[in-house]
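1. What follows is a predicted protein model with its sequence.
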Amino acid sequence: MKRLFDFFCSLIGIILLLPFFLIIGVWIFMDDFHSPFYKQERVGKNGKLFWLLKFRSMRVHSSQKVQLTIGRDPRITRVGHFIRKYKIDELPQLINVLKGDMSLVGPRPEVVKYVNLYSEEQKVVLQVKPGITDYASLEYFEESDLLAQSIDPERTYIDEIMPAKIQINLKYIPNANVLEDIKIIFLTLKRIVS
């Protein structure tokens, strides 16, 4: 049932948003004449690696060694600040959902570097498909601003934010269903609009 919901919603979303995708894509391209898309390897269900798609919000030759985005990161382009603020950069992940790599709702997919730090208990989040949004994303909607206030942002992420987000997702997983997912989607849209 969840897969059917994901498939049809992502397909309808892609069709309806296609003109918007084109506008955003051209806007990003005109900013620096490089591809409007960015892909990054993430860890999916059962530890399977996949390429997560995003609208590119950073400069093309930005260092990829820093996995976190912190506050007004200088790597972010002018267009990037806008599309990140309204989570528009995440929209191409509807293609990931259509392909079956992701779900509309589920724990946000993490990079290998941080998944390697998971405890056995935390690895339970890898038993479900990752999603575009979840309760943890709502709770940490301004995550990059929180990290900007830290003396050591990566340590804060590893020791505080990541474990807290995983705990939120561990509570969601046993109760996951389509109605709960619809609720999370509406809460996400409400948060973006507000």
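-> It's in.

2. Find the helix or strand that Q40 is a member of.
-> Following DSSP states H and E, one finds Q40 within strand 37-43.

3. roughly how far is that strand from the heart of the chain?
-> Between the mean C-alpha point of strand 37-43 and the mean C-alpha point of its chain there is a distance of 10 Å (CA atoms, centre = their mean, to the nearest Å).

4. What's the first helix or strand after that strand?
-> Moving toward the C-terminus from strand 37-43, the next helix or strand (DSSP H and E) is strand 49-55.

5. what packs against the helix or strand bottoming out on mean pLDDT in the chain?
-> Every helix and strand in the chain was compared by mean pLDDT, DSSP states H and E; the lowest is helix 143-148, with a mean of 86. If you count contacts as 3 or more CB pairs under 8 Å, 6 or more residues apart in numbering; DSSP states H and E, helix 143-148 packs onto helix 153-156. Glycine gets a C-beta too; all of them are placed from N, C-alpha and C.

6. got the angle between the strand holding Q40 and strand 49-55?
-> With axes from the mean of the first three to the mean of the last three CA atoms, to 10 degrees applied, the angle from strand 37-43 to strand 49-55 works out at 150 degrees.

7. top helix in the protein by residue count?
-> Ranked by residue count, the top helix of the chain under DSSP state H comes out as helix 2-32.

8. Since that was my last question, I'll sign off now.
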